[in-house]
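**Q** One predicted model, sequence on top.
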Amino acid sequence: MQNSPWKVLSAQVSVGVLTEGWQLNHIDDASADAPRICSFPVEVTFDAPFSAPPVVHLGLTGFDIDQRDSARITLKAENIGPGGFHATITTWAGTRVYGVEFQWLAIGG
């Protein structure tokens, strides 16, 4: 049986107010009954697919957040498959996010 070599892919991604569908900088009338939670999915497609879903690591490398409120932001890798994944950026409460930069690293066979 022959072992396949490890494959490692990586890239940097920048998204923000100029990205179609970006809404993390808007504040709607959120009430105490329905607090604001706002997410933006970024579809990442691998240049070359893996033979199985790889391990994906994300690193937040920069952000532009309005100074009027606390900096609330999460970044998660979701729906990881052999051909890519979604990086989901989320903010909540009164935080206005104008831009996010992150790097990803995928390791698999």
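**A** Cool, the structure landed.

**Q** so Thr91 makes contact with Arg72?
**A** Yes. Thr91 is within contact range of Arg72, at 5.3 Å (criterion: CB atoms under 8 Å). Quick note: C-beta positions are derived from backbone N, CA and C, even for glycine.

**Q** Which one of the two is surrounded by more residues?
**A** Set Thr91 next to Arg72 and count neighbours by other CB atoms under 10 Å: Thr91 wins out with 24 against 14.

**Q** Local confidence estimate at the more buried one?
**A** Here, the pLDDT recorded for Thr91 equals 96.

**Q** beta partners for it?
**A** Cys38 (DSSP bridges).

**Q** For it, give me its contacts.
**A** 24, 37-38, 72-74, 97 (CB atoms under 8 Å, 6 or more residues apart in numbering).

**Q** Ile73 too?
**A** 60, 63, 65, 89-91, 95, 97, 100.

**Q** Between which two of these is the distance greatest?
**A** Pairwise distances across the contacts of Ile73 peak at 14.1 Å for Leu60 and Thr95 (criterion: CB to CB).

**Q** Which one's more surrounded, those two?
**A** Thr95 (19 against 13).

**Q** Touching, that one and Thr74? I think so.
**A** No. Look at Thr95 against Thr74 with CB under 8 Å: they stay out of range, at 10.9 Å.

**Q** Point out where this protein drops to low pLDDT.
**A** 1-3, 29-33 (pLDDT under 70).

**Q** Spell out, range by range, the strands that occur in it.
**A** 7-16, 37-45, 55-65, 74-81, 84-92, 97-108 (DSSP state E).

**Q** Return the set of buried residues in the fifth one.
**A** So that's strand 84-92. Residues 84-85, 87-91 are the ones in strand 84-92 that count as buried (16 or more other CB atoms under 10 Å).

**Q** And those, which two are furthest apart?
**A** Pairwise distances across the buried residues of strand 84-92 peak at 23.3 Å for Gly84 and Thr91 (criterion: CB to CB).

**Q** Tell me the buried residues within the contacts of Thr91.
**A** For the contacts of Thr91, buried by 16+ other CB under 10 Å: 24, 38, 73, 97.

**Q** In contact with the first one, which residues?
**A** Right, the one you point to is Leu24. 38, 40, 89, 91, 96-98, 100.
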